[in-house]
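> Sequence and computational prediction follow.
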Amino acid sequence: MLLHTKIAELLSSTEVDRDVTVKGWVRTKRGNKNVAFIALNDGSIIHNIQIVAEVAKFPEELMKEITTGACLCVKGALVKSQGQGQSMEIQAKEIEVYGPADAETFPLQKKGHTMEFLREIAHLRPRTNTFGAVFRLRHHMAFAIHRFFNDKGFFYVHTPIITGSDAEGAGEMFHVTTMDLKNPPKNPDGSINYKEDFFEKETNLTVSGQLEGELAAMALGLIYTFGPTFRAENSNTPRHLAEFWMIEPEMAFYDINDNMDLAEEMLKYLIQYALDHAMSDLEFLNNMYDKELIARMKSVIEKPFTRLTYTEAIDVLKQQNAKFEFKVEWGTDLQKEHENYLVEHFNGPVILTGYPKNIKAFYMKQDDDGKTVRAMDVLFPWIGEIIGGSQREDNLEKLTTRMREMHIPEKEMSWYLDTRKFGSCPHAGFGLGFERLMLFVTGMTNIRDVMPFPRTPGNAEF
RNA sequence: UCCUCCUUAGCUCAGUUGGUUAGAGCACAUGACUGUUAAUCAUGGGGUCCCUGGUUCGAGCCCAGGAGGGGGAGCCA
């Protein structure tokens, strides 16, 4: 075992004048012919520790190998710094270069790079301050999600990634097959014979775990899923990925109001968790990218989210119709400009409910007026729609009628309908786009920069 | 998928009305400097001007097509 101390621990240590071993990657080196200053980072924290090396004590060849990007093991004394920029530093006694990084070809520099360039070197960008901060935050948010639900008595359910259902209705799907695409087995009528395929039927990558999540909720009570989802939409925006992670809680005996309460509580919990556990990363992102980041996060936690119905929102928006490119009218879906207006108008998150049934999914519970459904969308500052959810239709007859109206094949969904057939109950749930949450807590503006290896149309590198 | 902008050194960008040998800052290399903080100073090397075709005596610059990327919109989370 190669024992060493994490830089995060050293920087918060009060115990100086002791020998330590650190391992990490060189961010910068500067100095003169007598002394070299090496900023070393090991990923445990955004800050570097300064290594001070008296040039005469080390072979010239070794010093030459210490360049930006190289990986070092340093043994030395942790001491109070003589310089101004840091409280502590390490006086190097031994330096071993684990892996040099050729200075002429290593693409990362001391100075800033554009996000676009770093996307092209996604395999190296975790070594930057920015992506170190983003990916540490990503871990904290994932962990906080599990902690939040676990503490509330939710069970984590694993829904399938390969699905035999093509009626989830959330978007275009990626096909999963082992057939020879150049020469697939055919039926007599010329169509593809999926009986010959691996699963002996047509299969896809999931677009949502919701329907399977409902099955679990109607046995375990409170459940959540947290896993990858896939959409083969040709979406080219800073808010969409072809592969993204989604959190989908599903709760038996919750109505739409309970659903909203949970969504609001969860979002506030997660944001508070980031403030409590990742402040040094947030401070960096706040200073470098978005001066409002921390203030915006705090403002969202402080006050209740504004809740209003779709119909009420239309009334608010109609008064502003003159300034909208798309005029609002009851029955049409809200455009981005309308969502943005509402978030600005109410100066914080907005939860909209009671949408017209014709613009929402088949499984949403119909209101008694016959026109609206108990859907909810949570609109957030900075990013727009972060959550979509609903109370589910629990009446078998209403559900099947709606499915017929929307041309959803009943036969294939019989397993789903069985929940309404046998021991149906009021229940509700929602989907939180993990990367959208990440945009909010990092201040990043492009979703490709909060996913380690983003998949978008025309791009599946690494 | 639609609209729009961009593509010149490793990176970020200038590049005049179409005119001789395409520039800067940073990075990198070498040197100077007794503790630096995106160190500083000096010197140096470094180019498929995105690709293909066209117009022209002459194209980084004009035209057509294509590729890649950004922003906006739609689809949504």
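Thanks, I have the structure now.
> from the chain's centre, how far out does stretch A:137-152 sit?
Remark: stretch A:137-152 is offset 12 Å from the chain centroid, using C-alpha atoms, centre = their mean, to the nearest Å.
> er, stretch A:279-297 I mean
Relative to its parent chain, stretch A:279-297 has a centroid offset of 17 Å by C-alpha atoms, centre = their mean.
> what's next to that stretch, contact-wise?
Defining contact as C-beta atoms under 8 Å, 6 or more residues apart in numbering, one finds that stretch A:279-297 is touched by A:45-47, A:129-130, A:132-134, A:136-137, A:271, A:274-275, A:381-382, A:440-444. All C-beta spots, glycine's among them, are computed from the backbone N, C-alpha and C.
> which stretches of the stretch 101-250 of chain A have low pLDDT?
A:166-170 (pLDDT under 70).
> Could you check how many residues crowd around the residue in it positioned nearest to RNA strand B?
Nearest residue of the stretch 101-250 of chain A to RNA strand B: A:Lys111, at 3.0 Å (C-beta to the nearest atom of the strand). Neighbour count for A:Lys111, taken as other C-beta atoms under 10 Å: 6.
> list the contacts for A:Met63?
With contact taken as C-beta under 8 Å, 6+ apart, A:Met63 is in contact with A:Ala36, A:Ala53, A:Val55.
> Now do A:Pro409 against RNA strand B, distance only.
19 Å (C-beta to the nearest atom of the strand, to the nearest Å).
> So that residue lies in a strand, does it not?
No - A:Pro409: not assigned to a strand; according to DSSP: H, G, I helix; E, B strand; the rest coil it is coil.
> Show me chain A divided up by domain.
Domains of chain A are assigned by automatic domain parsing as A:7-99, A:126-172+A:207-449.
> Checking the residue of the stretch 101-250 of chain A closest to RNA strand B next. Helix, strand or coil?
Put simply, A:Lys111 is coil when judged by three-state DSSP.
> How much space separates it from A:Asn129?
In this view, A:Lys111 and A:Asn129 are 12 Å apart by C-beta to C-beta, to the nearest Å.
> what's the most buried one of the domains of chain A?
Ranked by mean neighbour count, these are led by domain A:126-172+A:207-449 with a mean of 18 (mean count of other C-beta atoms under 10 Å).
> Could you tell me the end-to-end distance of that one?
One end of domain A:126-172+A:207-449 sits 11 Å from the other (C-alpha to C-alpha, to the nearest Å).
> next one: stretch A:78-95
End to end - C-alpha to C-alpha - stretch A:78-95 spans 14 Å.
> Residues contacting that stretch, please?
Identification of contacts with stretch A:78-95 by C-beta under 8 Å, 6+ apart yields A:10-11, A:13, A:15-20, A:22, A:37-38, A:49-54, A:57-58, A:62, A:66, A:72-77.
> So stretch A:120-135, near RNA strand B or not?
No - applying C-beta under 7 Å from any atom of the strand, one finds stretch A:120-135 separated from RNA strand B by no less than 7.7 Å.
> Give me the distance between that stretch and the centre of its chain.
15 Å.
> Kindly report the same for stretch A:291-298.
Counting by C-alpha atoms, centre = their mean, stretch A:291-298 comes out at 18 Å from the chain centroid.
> Between the two ends of stretch A:31-40, what distance do you get?
Terminal residues of stretch A:31-40 are spaced 15 Å apart (C-alpha to C-alpha).
> and that stretch, how far out from the chain's middle?
Distance of stretch A:31-40 from the chain centroid (C-alpha atoms, centre = their mean) equals 39 Å.
> Among the contacts of stretch A:279-297, which lie within helices?
Secondary structure assignment (DSSP state H) places A:129-130, A:132-134, A:136-137, A:271, A:274-275, A:440-442 from the contacts of stretch A:279-297 within helices.
> May I have stretch A:181-194 exported as PDB, CA atoms only?
The C-alpha trace of stretch A:181-194 is given here as PDB (Å, rounded to 0.1, in the frame of the first residue of the first chain):
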ATOM      1  CA  LEU A 181     -28.300  -4.900 -39.900                       C
ATOM      2  CA  LYS A 182     -27.100  -5.600 -43.400                       C
ATOM      3  CA  ASN A 183     -29.200  -8.800 -43.600                       C
ATOM      4  CA  PRO A 184     -31.900  -9.000 -41.000                       C
ATOM      5  CA  PRO A 185     -34.300 -12.000 -40.900                       C
ATOM      6  CA  LYS A 186     -37.500 -11.100 -42.700                       C
ATOM      7  CA  ASN A 187     -41.100 -12.200 -42.500                       C
ATOM      8  CA  PRO A 188     -42.900 -13.400 -45.700                       C
ATOM      9  CA  ASP A 189     -44.400  -9.900 -46.000                       C
ATOM     10  CA  GLY A 190     -40.900  -8.300 -46.000                       C
ATOM     11  CA  SER A 191     -41.000  -6.800 -42.500                       C
ATOM     12  CA  ILE A 192     -38.200  -7.600 -40.000                       C
ATOM     13  CA  ASN A 193     -38.700 -10.800 -38.100                       C
ATOM     14  CA  TYR A 194     -37.900  -9.900 -34.500                       C
END
